[in-house]
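[1] Sequence and predicted structure are below.
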Amino acid sequence: MKTENKELINKIFSDSKIVDYAHFINSCLYDKQFGYYNNSSISRDFITSPITHESFGKIFCKQLQEVWDYYQNPRQFVIVEVGGNEGKLKKDILESASRNKKFFNSIVYLNIDRIYGDDLLNVDFKSNYGCIISNEFFDALPFNRFIKLEGEIKKLFIEFKEDNLTEINKKVENFNFLNKEIISKIPDGSKIEIIENIDLICAKLSSFFNNCIMITIDYGFNDWNKLFFKNPNGFVRCYSKHSMNKNILENVGNKDITCDVNFNLLNKYLSMSGFIEIGNTSQEKFLIKNGFKKLFDEAPENEKRGLISLVNPEGLGGFNVYFHEKPDLKFQPTCLQN
Ligand SMILES: C[S@@+](CC[C@H](N)C(=O)[O-])C[C@H]1O[C@@H](n2cnc3c(N)ncnc32)[C@H](O)[C@@H]1O
């Protein structure tokens, strides 16, 4: 075991020598002293769309203005960004919004991110009209892991014993995240990840607004068949120094841990919290339908590569963009129309 991780490992297992994955990942990513997101000596492995090019924020702003128009230009329009990190998307959106003074003056922008000590579940406020937006937020949330063994779902835990980390499993009494039909189709030996507190997170988001549109951008899948392929390692990925592997238990604290978002499950919990799904598209189509070509044509030559990567269907362009609304289903985003 690498010596630089010992303090973090001792901290993770200080109360119990057996912990679940959510507890373990939570500390690996967000521990205030040793977590990946709080350790300034680790170079970041993720390059997200807002970091890639400011056009992403400009186009997002156009989409938000469409929502503001849909609500008939309310005097106060709250944009809640969850997991906005250091605020790059916020900066680009506000810069672009400042061209329309009435829109700009109505905006209250909250970037809720753990790096500022705000845990989403502890934030309380309420507004009448607005938007909840996120880019690569749900894939960064700690998750628990389960395995299907001999037809039964077991929960996976990590045991710290004799200076080693090993995975063990225990029977789950009540696994109600997936229905029986889906569970029956999952091949034996498959691992399944479930975002910790997904129900509370969706309920919290819903509590912020009386009327809102939620726009979620992330990688993941919305086809149950993906779960039905035997997946001995699940949908986890770890990134360290730009190389990827699937072993969470190695090089603890020094790497990003992420997981494909199961949009079917997310949609289920959003729906239970009062959000109605409007539809979804790819990031490529979302950007192109909202004016990407004009920005591309006007961009200096040295920025075109970055812009192309925003729409590349093999990369960022292949991300899912989901639209939800509460309390009714009336909004028709232009980018979802033919
Ligand atoms: C992969 S980063 C994405 C950052 C940014 N949205 C972007 O696109 O560049 C995920 C972000 O989610 C934040 N985060 C994770 N869990 C959170 C929580 N429970 N509440 C608020 N922020 C959280 C992390 O601190 C991190 O900044």
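    That came in fine, so what should we check first?
[2] switch to C-alpha atoms for all contacts and neighbour counts from now on
    OK.
[3] least trustworthy helix or strand in this protein by mean pLDDT?
    Within the chain, no helix or strand scores below strand 243-245, which has a mean of 88 by mean pLDDT, DSSP states H and E.
[4] Output the contacting helices and strands for it.
    On a contact count with 3 or more C-alpha pairs under 8 Å, 6 or more residues apart in numbering; DSSP states H and E, strand 243-245 meets strand 236-240.
[5] Sheet partners, orientation included, of the strand it packs on?
    Strands that pair with strand 236-240, judged by DSSP bridges, come out as strand 243-245 (antiparallel), strand 256-259 (antiparallel).
[6] Would you mind saying which of those strands lies nearest Arg305?
    Among those, strand 243-245 comes nearest to Arg305, with 22.0 Å by C-alpha to C-alpha.
[7] residue nearest the centroid of this protein?
    Most central in the chain under C-alpha atoms, centre = their mean is Phe138, positioned 2.0 Å from the mean C-alpha point.
[8] got the phi/psi numbers for the closest residue to it other than its chain neighbours?
    Of all residues not flanking Phe138 in the chain, Val261 sits nearest, at 6.6 Å (C-alpha to C-alpha, 6 or more residues apart in numbering). Dihedral pair for Val261: phi -80, psi 130, per degrees, to the nearest 10.
[9] Contact partners for Val261?
    138-139, 218-221 (C-alpha atoms under 8 Å, 6 or more residues apart in numbering).
[10] Quick check: the gap between the nearest residue to Phe208 once chain neighbours are set aside and the ligand.
    Closest residue to Phe208 apart from its sequence neighbours, by C-alpha to C-alpha, 6+ apart: Lys126 at 4.5 Å. Separation of Lys126 from the ligand (C-alpha to the nearest ligand atom, to the nearest Å): 17 Å.
[11] swap in Cys61?
    In terms of C-alpha to the nearest ligand atom, Cys61 sits 15 Å off from the ligand.
[12] Tell me the first helix or strand C-terminal of the helix or strand hosting that residue.
    For Cys61, the element it lies in under DSSP states H and E is helix 55-70. Using DSSP H and E, the helix or strand that follows helix 55-70 towards the C-terminus is strand 77-82.
[13] For that next one, which strands pair with it and how are they oriented?
    Partners of strand 77-82 in the sheet, by DSSP bridges, are strand 107-112 (parallel), strand 127-135 (parallel).
[14] ok so, going back, among the strands paired with strand 236-240, which is nearest Val172?
    strand 256-259 (21.7 Å).
[15] Let me see the mean pLDDT of that closest one.
    The pLDDT scores in strand 256-259 average 94.
[16] Just give the closest residue to Cys28, not the sequence neighbours.
    Gly253 (4.4 Å).
[17] try Ile112
    Ile112 sits nearest to Val82 (C-alpha to C-alpha, 6+ apart), 5.0 Å away.
[18] in the stretch 201-338 of the chain, which spans are strands?
    209-218, 220-221, 236-240, 243-245, 256-259, 261-262, 276-282, 320-326 (DSSP state E, counting those that start in this stretch).
[19] Just give me the lowest mean pLDDT stretch among those strands.
    When I compare these, strand 243-245 is least confident, with a mean of 88.
[20] these two touch, right, Phe34 and Lys255?
    No: using C-alpha atoms under 8 Å, Phe34 is not in contact with Lys255, being 11.1 Å away.
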